[in-house]
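>>> build me a model from this:
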Amino acid sequence: MTVSRETEALEQYASLIRKWNPAINLIAPSTLDEIETRHVADCQQLVKVSREATGSWVDLGSGSGLPGLVVAIGRADLAVTLVESDKRKAAFLRAVVRQLSLSNVRIVTERIEEAIPLNSSNVSARALAPLPLLMSYVARHLAEGGRAWLMKGRNWSSEVDEARRQWRFNLWVHQSETDPDAAILEIADIRHG
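Model (predicted):
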């Protein structure tokens, strides 16, 4: 049986997380055995639901590269920018990009709110901040007419209600296949107020 380049790249990526995690805590140590079944599989859903996305992609607070690197591996047609202010985590991201020869990825090592607006067609985030705060980050870096792809856990519905007090936006909810309480929030037409 032939293994696809994407599958091979995801396996190498998971291996690199395991190798680097003891030094810089990329993911919770208790979830190391679940990288493929929990973290990578979770992010592969994002690749699937955003298959119609085109143009540029910015992943905010990339950390270990979840979901940004999974998107870059699954969607070589997209120019992916990973925004990560932690220099050690950014070094890990650079190592993965180099070892996997991901020519479609660049890394911005700055705080999200201080980076120049990236004007991207697509913006993603996973486990970064509560939705009301996250919306300000997304609005800063999303191009007009663009879409946000936000991976949220069990409190996603109450976070949406809270965010709607300050923000107006269109929302499509994609139920998670890996966690019945989680969802991918597809958000467009964001405006303050």
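>>> mind checking the longest helix of this protein?
If you go by DSSP state H, the chain has its longest helix at helix 5-24.
>>> that one packs against which elements?
Where contact means 3 or more Cβ pairs under 8 Å, 6 or more residues apart in numbering; DSSP states H and E, helix 5-24 is packed against helix 68-74, helix 87-99. C-betas here are computed from N, CA, C, even on glycine.
>>> could I get the average pLDDT for that helix?
Per-residue pLDDT over helix 5-24 has a mean of 95.
>>> list the buried residues in stretch 153-167.
156, 159, 160, 163, 167 (16 or more other Cβ atoms under 10 Å).
>>> quick one: the third one and residue 169 touch, right?
No - in this structure, residue 160 sits apart from residue 169 without contact. The criterion is Cβ atoms under 8 Å, and the distance is 9.1 Å.
>>> and residue 130, how many residues sit next to it?
13 (other Cβ atoms under 10 Å).
>>> how far away is the closest residue to it other than its chain neighbours from residue 139?
Excluding the flanking residues, the one nearest residue 130 by Cβ to Cβ, 6 or more residues apart in numbering is residue 159, at 5.7 Å. Note on residue 159: its distance to residue 139, by Cβ to Cβ, to the nearest Å, is 16 Å.
>>> so how far is residue 148 from residue 16?
Separation of residue 16 from residue 148 (Cβ to Cβ): 27 Å.
>>> looking at the two, which is more packed in?
Neighbour comparison, residue 16 and residue 148: the larger count goes to residue 148, with 25 against 19 (by other Cβ under 10 Å).
>>> that one in helix, strand or coil?
Counting by DSSP: H, G, I helix; E, B strand; the rest coil, the backbone at residue 148 sits in strand.
>>> so what pairs up with it in the strands?
residue 123, residue 187 (DSSP bridges).
>>> what sits against the residue nearest to residue 130?
By Cβ atoms under 8 Å, 6 or more residues apart in numbering, the residues touching residue 159 are 130, 131, 132, 152.
>>> measure it to residue 28 for me?
Residue 159 is 21 Å from residue 28, by Cβ to Cβ.
>>> how many neighbouring residues does residue 127 have?
Residue 127, neighbours per other Cβ under 10 Å, totals 13.
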